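> dropping the sequence and predicted coords here.
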Amino acid sequence: MKFSIWDKGDEESRALSARFHEQAARYGLESDDEQPDIVVSIGGDGTMLQAFHRFRHLLRSVSFVGVHTGRLGFYADWRKDELVELVRMIAEARPNIVQYPLVQAEYESGGERFVQLALNEFTLKSAEGTLVAELRINGEPFEMFRGDGLVISTPSGSTAYNKSVGGAVIHPSLEAMQIAEIASINNRVYRTLGSSIVLPKHHYCDVQTEKPIDLWMDHLLLRLDDTRTIRFHVAEEKISFARYRPFPFWNRVRESFIT
């Protein structure tokens, strides 16, 4: 078993990373940052997003597990005081591999075609003020949007930015993506549905605009000056999480937002 650690970078996370390495050596686990079997994220959900983008080229062969150093995260199953037990489980137990859907964005820029993946969401905003865009679903005109922006989220990302702008919480077993509005303006010219839209895997949405746009891919910002159309759909690839014990999604939702 080969592992790689991706930590938050603060003093506490670095100390936990060092302790993980010490414990892993006792079980004969091998550290490998190029071709790991499992990636251990130490920090929070933001740290897991960073780990995902660092190792996204290995999605077909790598699984992820999270250790949170603060509050319970949606991508972190283990507390910092359970780190020794986690190392033992990685060394001795066979995990249940759970796969979550991702959202894919396709566009052209500078004469090249790009394909991007997001674990939480893509956020689309204008680089020059208000976003004006036409949404086309499966090639058919759907609505003209004018407002602050759009959030295109995965089911697991539905509890993040999507929820804060009024989107629904979706269980990550559903292969779907959600489009939520950020402060839309509705009048006789620009008319939107006014609620989030959930599209299944076999559907796609084209967002067309005439001005430069800022495309946030989870925590990463992409400035697209010459892109006029971005196509969003559920990706064929998925992220795999190594579960060494059950922790139902709705329990995470309850503990994060209710209890």
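Structure received. Since the model is a prediction, treat every value here as computed from it, not as a measurement.
> mind giving me the domain ranges of the protein?
As recorded under automatic domain parsing, the domains making up the chain are 2-95+244-257, 101-237.
> so can I have TSV of those showing mean pLDDT and mean neighbour count?
Every C-beta, even on glycine, is put in place using the N, C-alpha and C of the backbone. What follows is the domains of the chain, written out as TSV (pLDDT from 0 to 100; neighbours: other Cβ atoms under 10 Å):
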stretch	mean pLDDT	mean neighbour count
domain 2-95+244-257	95	17
domain 101-237	96	18
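> and the helix ranked longest in the chain, what does it pack onto?
The longest helix of the chain (DSSP state H) is helix 11-26. If you count contacts as 3 or more Cβ pairs under 8 Å, 6 or more residues apart in numbering; DSSP states H and E, helix 11-26 packs onto strand 2-7, strand 38-43, helix 83-92.
> adjacent strands (with direction) for the helix or strand just after the longest one?
Spelled out, that is helix 83-92. The C-terminal neighbour of helix 83-92 among helices and strands, as given by DSSP states H and E, is strand 96-109. Strand pairing for strand 96-109, using DSSP bridges, gives strand 112-118 (antiparallel), strand 229-243 (antiparallel).
> and residue 159, which of those strands is closest to it?
Comparing those against residue 159 with Cβ to Cβ, the closest turns out to be strand 112-118 (14.3 Å).
> neighbouring contacts of that closest one?
If you take Cβ atoms under 8 Å, 6 or more residues apart in numbering as the criterion, strand 112-118 is touched by 56, 102-108, 122, 152, 154, 157, 215, 217-218, 222, 235, 237.
> ditto for stretch 2-19
With Cβ under 8 Å, 6+ apart as the criterion, stretch 2-19 contacts 20-21, 24, 29-33, 35-44, 46-47, 50-51, 54-55, 67, 69, 80, 83-84, 90.
> who does the helix or strand that the longest helix of the chain is followed by pair up with?
Using DSSP H and E, the helix or strand that follows helix 11-26 in sequence is strand 30-31. Paired neighbours of strand 30-31 in the sheet (DSSP bridges): strand 2-7 (parallel).
> quick one, the partner strand and strand 38-43 angle?
20 degrees (axes from the mean of the first three to the mean of the last three Cα atoms, to 10 degrees).
> please save the CA atoms from strand 2-7 in PDB.
This file holds the C-alpha atoms of strand 2-7, laid out as PDB (Å, rounded to 0.1, in the frame of the first residue of the first chain):
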ATOM      1  CA  LYS A   2       1.400   3.300  -1.100                       C
ATOM      2  CA  PHE A   3       0.200   6.600   0.400                       C
ATOM      3  CA  SER A   4       0.600  10.300  -0.100                       C
ATOM      4  CA  ILE A   5      -0.200  13.000   2.500                       C
ATOM      5  CA  TRP A   6      -1.700  16.400   1.600                       C
ATOM      6  CA  ASP A   7      -2.000  18.600   4.600                       C
END
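> between it and helix 11-26, how many degrees?
170 degrees.
> okay, stretch 70-81 in CSV with CA atoms only?
Output of stretch 70-81 as CSV, limited to C-alpha atoms (Å, rounded to 0.1, in the frame of the first residue of the first chain):
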residue,chain,number,x,y,z
GLY,A,70,-11.4,21.5,13.0
ARG,A,71,-15.2,20.9,12.6
LEU,A,72,-16.5,17.8,10.9
GLY,A,73,-16.2,18.1,7.1
PHE,A,74,-18.2,16.5,4.4
TYR,A,75,-15.1,14.9,2.9
ALA,A,76,-13.4,14.0,6.2
ASP,A,77,-14.3,10.8,8.1
TRP,A,78,-11.7,10.9,10.8
ARG,A,79,-10.9,13.2,13.7
LYS,A,80,-7.3,14.2,14.4
ASP,A,81,-7.3,12.1,17.6
